[in-house]
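# Sequence first, then the predicted structure, then my questions.
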Amino acid sequence: MDVPTNSVNLSDQSDDDTGRPTPAPPCTMIIFGGGGDLTRRLLMPAIYNLTCAGLLNQDFSIVAVDWAEMDTEHLREQLGATIRQFVAQRRATAVTLQEDEWNWLCQRVSYVRGSFDDPATYQRLAEICGTGNCVFYLAVAARFFGTIVSQLDAANLTHETEQSFRRVVVEKPFGSDLGSARALNAKLLASLEESQIYRIDHYLGKETVQNILALRFSNGFFEPLWNRQNIDHVQITAAETVGVEKRGRFYEGTGALRDMVPNHIMQLLAMVAMEAPASFDADAVRDEKSKVLAAIHETTYRDAVRGQYVAGAIAGRPTPGYREEPDVAPDSQTETFVAMKLSIDNWRWAGVPFYLRTGKRLTLRKTEIAVHFKQAPYALFRDTPVEKLTPNIMVLQIQPSEGVTMQFSAKLPGPVVKLGGVRMKFDYADWFQEGPSTGYETLIYDCLIGDATLFQRADNVEMGWRVVQPILDAWQASQGEVCQYEAGRPGPTEADELLARDGRHWLRLTA
Ligand SMILES: NC(=O)C1=CN([C@@H]2O[C@H](COP(=O)(O)OP(=O)(O)OC[C@H]3O[C@@H](n4cnc5c(N)ncnc54)[C@H](OP(=O)(O)O)[C@@H]3O)[C@@H](O)[C@H]2O)C=CC1
Ligand SMILES: O=C1O[C@H](COP(=O)(O)O)[C@@H](O)[C@H](O)[C@H]1O
């Protein structure tokens, strides 16, 4: 079937006549934590991909700031080794590095050795930055966010002029509860304007997440059905097979709820549930997100189930329990799984539960949003009671499958009228030749061009924490037990009961 593919931008990227985004303006990107894991594994590959796509300016450069003992040459070698590994591992990329593009980028990288709390580091940066455009990327542990921003301010590095911008990208986790998120916002806003702050949630860089808005608001047939009259409930799943890997120390103090829910899952929920923004202007989109998150009814610990994996097997491989992971306490109570029921008190969603679940070491890796529609009111078909009809479900598949599936009833072939469940599937890969992406490409490019649509505003972050705060408080007070589940299972059975008491069940976790 021949379908015209008009290109329309979700964000305000300035296209030329070809419909392709144009290169970003000149900029020096200063990466704090430039010797760290995020820089090596995610940021540099994304910047390399932007280079290959021709989206960086001739006057783009990177300054990595870290206290590791090395020089520019050494850093370039390290980054080169990682990028080669990255390119070789990525399915969608040519298996060899594009040497010219890498060399172009590599010679624009330099290293500044210094500590984040030493004013001398910032004096050195002031000399490098001059009066040009700068993006300061905080690829550092959250405890440094406030310090670095205050030091940038003290060195007059945050001051914007009509000719140049100064932007700060803040990584996650943004706080560890509502109070600390508010305090961090206050700290950043003492030195920066809101418009200078780019709070990253890497889920917003995923194509399939951005597609939720495109799907809802650029097609005529979804919106009339997208409400409490037609939708029975919504399930959001972010299942992982990985455990905590080398992040035991971080995860022990964090847990699945803080790690995934106020940020990534709230963003997915907001995309599905928000009203249509008046435009795709950053504030119009973020206003609507905040409104829908603000409408979430106050939760109690009875709306949540927490779990922790014990030894089991994933894809036939024996897998140790969470308490046996490195840097995890042998009596840890940290949850590695959480399921929740949320209600949205607004005109569109009153009475439509949103069920969320996320966890590590589950049966398989899958992130999806399943919109369950109400059953037909009456079954015309002989011997088929309404409750036996295949439910109508629209599944927005975020990863690893990327697409949309519709499940509905159809007549089974044969002389007798009988119904069976069928699926209709749109797969991204069938339609579009995707370039390689880590999700960070879009976010870095958008920051360089000053489009904050896909970044979280202060109120968006605080709204996410507001939703989970009563549960954090209750768990802190030891309400609600930590249920066990075997690695490789879809979670604890108590999570099934959360839906069973409403007469519903989770969509099976299958490939
Ligand atoms: N890594 C990942 O996959 C992801 C990370 N993030 C977030 O990104 C941020 C960075 O994470 P990650 O890269 O893993 O962290 P790393 O610890 O690997 O990187 C931080 C770097 O900063 C250095 N450093 C620490 N303290 C100082 C200091 N006072 N002065 C100068 N340098 C210092 C560290 O050195 P040293 O090692 O010697 O301490 C390290 O090289 C965190 O907020 C994390 O939550 C978000 C998503 C994914
Ligand atoms: O932010 C985080 O996200 C990852 C999951 O990201 P995905 O893109 O692989 O879905 C999660 O593993 C990690 O614990 C968390 O900090």
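Yep, that arrived. Ligands and ions are numbered 1, 2, ... in the order given.

# quick one: low-confidence parts of the stretch 301-450 of the chain?
379-387, 435-436 (pLDDT under 70).

# what are the ranges of the helices in it?
428-431, 440-449 (DSSP state H, counting those that start in this stretch).

# what sits up against the shortest one?
Outside helix 428-431, the residues within contact range by C-beta atoms under 8 Å, 6 or more residues apart in numbering are 207-208, 402-403, 434. Heads up, the C-betas are built off the backbone N, CA and C, glycines and all.

# Between those residues, which sits nearest ligand 2?
residue 208 (10.8 Å; C-beta to the nearest ligand atom).

# Confirm the closest one sits in a helix?
Yes. Assessed by DSSP: H, G, I helix; E, B strand; the rest coil, residue 208 belongs to a helix.

# Check what pLDDT it gets.
If you check residue 208, the pLDDT there is 91.

# how close does it sit to residue 399?
7 Å (C-beta to C-beta, to the nearest Å).

# In contact with residue 271, which residues?
209, 212-213, 289.

# before we move on, the earlier item: between the contacts of helix 428-431, which has the most around it?
In terms of neighbour count, residue 208 stands highest of the contacts of helix 428-431 at 21 neighbours, by other C-beta atoms under 10 Å.

# Tell me which of the helices of the stretch 301-450 of the chain sits most buried.
Comparing the helices of the stretch 301-450 of the chain by mean neighbour count (mean count of other C-beta atoms under 10 Å), helix 440-449 ranks first with a mean of 22.

# Quickly check: that helix near ligand 1 or not.
No. Applying C-beta under 6 Å from any ligand atom, one finds helix 440-449 separated from ligand 1 by no less than 9.3 Å.

# tell me what that helix is packed against?
Packing contacts for helix 440-449, counted by 3 or more C-beta pairs under 8 Å, 6 or more residues apart in numbering; DSSP states H and E, involve helix 44-52.

# In the protein, what residue lies closest to ligand 2?
Counting by C-beta to the nearest ligand atom, the chain gets nearest to ligand 2 through residue 259 (4.7 Å).

# what's the neighbour count on the spatially closest residue to residue 306 that is not a sequence neighbour?
Leaving aside its sequence neighbours, residue 306 sits nearest to residue 335 (C-beta to C-beta, 6 or more residues apart in numbering; 3.7 Å). For residue 335, the count of nearby residues is 26 (other C-beta under 10 Å).

# Pull the contacting residues for the closest residue to ligand 1 within the stretch 401-511 of the chain.
For the stretch 401-511 of the chain and ligand 1, the shortest gap (C-beta to the nearest ligand atom) falls at residue 440, measuring 9.3 Å. Applying C-beta under 8 Å, 6+ apart, we find residue 440 in contact with 42-43, 45-46, 202, 205.

# same deal with residue 335?
Contacts of residue 335 (C-beta under 8 Å, 6+ apart): 255-257, 306-308, 475, 482.

# separation between it and residue 448?
According to C-beta to C-beta, residue 335 stands 37 Å off from residue 448.

# Which stretches in the stretch 351-500 of the chain count as strands?
In the stretch 351-500 of the chain, the strands defined using DSSP state E, counting those that start in this stretch lie at 354-359, 366-373, 393-399, 403-411, 419-427, 482-486.

# any chance of those in a markdown table, with distance to residue 249 too?
Output for the strands of the stretch 351-500 of the chain, formatted as a markdown table (distance: least, C-beta to C-beta, whole Å):
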| stretch | distance to residue 249 |
| --- | --- |
| strand 354-359 | 20 |
| strand 366-373 | 25 |
| strand 393-399 | 27 |
| strand 403-411 | 37 |
| strand 419-427 | 39 |
| strand 482-486 | 19 |
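
# for those, which one ends up most surrounded?
Greatest burial across these, using mean count of other C-beta under 10 Å, falls to strand 354-359, with a mean of 24.

# before we move on, back to that, in strands only, show me the contacts of residue 335.
306-308, 482 (DSSP state E).

# Buried members of the residues you listed into PyMOL, please.
Here is the PyMOL command that selects the buried residues among these (16 or more other C-beta atoms under 10 Å):
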select buried, resi 306+307+308+482
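
# closest to residue 161 among the ones in strands among the contacts of residue 335?
residue 306 (49.6 Å; C-beta to C-beta).

# Residue 256 is in contact with the closest one, correct?
Yes. Using C-beta atoms under 8 Å, residue 306 is in contact with residue 256, at 7.5 Å.

# Identify the contacts common to the two.
With C-beta under 8 Å, 6+ apart, residue 306 and residue 256 have common neighbours 335, 337-338.

# how about the residues you listed in TSV, adding distance to residue 97?
Formatted as TSV, those follow (distance: C-beta to C-beta, whole Å):
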residue	distance to residue 97
335	41
337	39
338	40
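
# Please narrow these to those residing in strands.
Per DSSP E, these map to strands at 337-338.

# From the shared contacts of residue 306 and residue 256, list the ones also adjacent to ligand 2.
Of those, not one also sits near ligand 2 (C-beta under 6 Å from any ligand atom).

# Which one of the shared contacts of residue 306 and residue 256 is nearest to residue 266?
After measuring those against residue 266 - C-beta to C-beta - the closest member comes out as residue 338, at 12.8 Å.

# looking at it, the closest one is touching residue 308, isn't it?
No. Using C-beta under 8 Å as the test, residue 338 is too far from residue 308 to be in contact (10.4 Å).

# can I get the contacts of residue 335 in a markdown table with distance to residue 80?
Below are the contacts of residue 335 laid out as a markdown table (distance: C-beta to C-beta, whole Å):
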| residue | distance to residue 80 |
| --- | --- |
| 255 | 37 |
| 256 | 36 |
| 257 | 39 |
| 306 | 43 |
| 307 | 42 |
| 308 | 40 |
| 475 | 45 |
| 482 | 44 |
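
# between the residues you listed, which is closest to ligand 1?
residue 255 (14.2 Å).

# Next, count neighbours for the closest one.
By other C-beta under 10 Å, neighbour count at residue 255 equals 22.

# Let me see the contact set for it.
Counted by C-beta under 8 Å, 6+ apart, residue 255 has contacts 306, 334-336, 338.

# Would you mind measuring from residue 228 to ligand 1?
Distance of residue 228 to ligand 1, computed by C-beta to the nearest ligand atom, to the nearest Å: 36 Å.

# Regarding that residue, what is its secondary structure?
coil.
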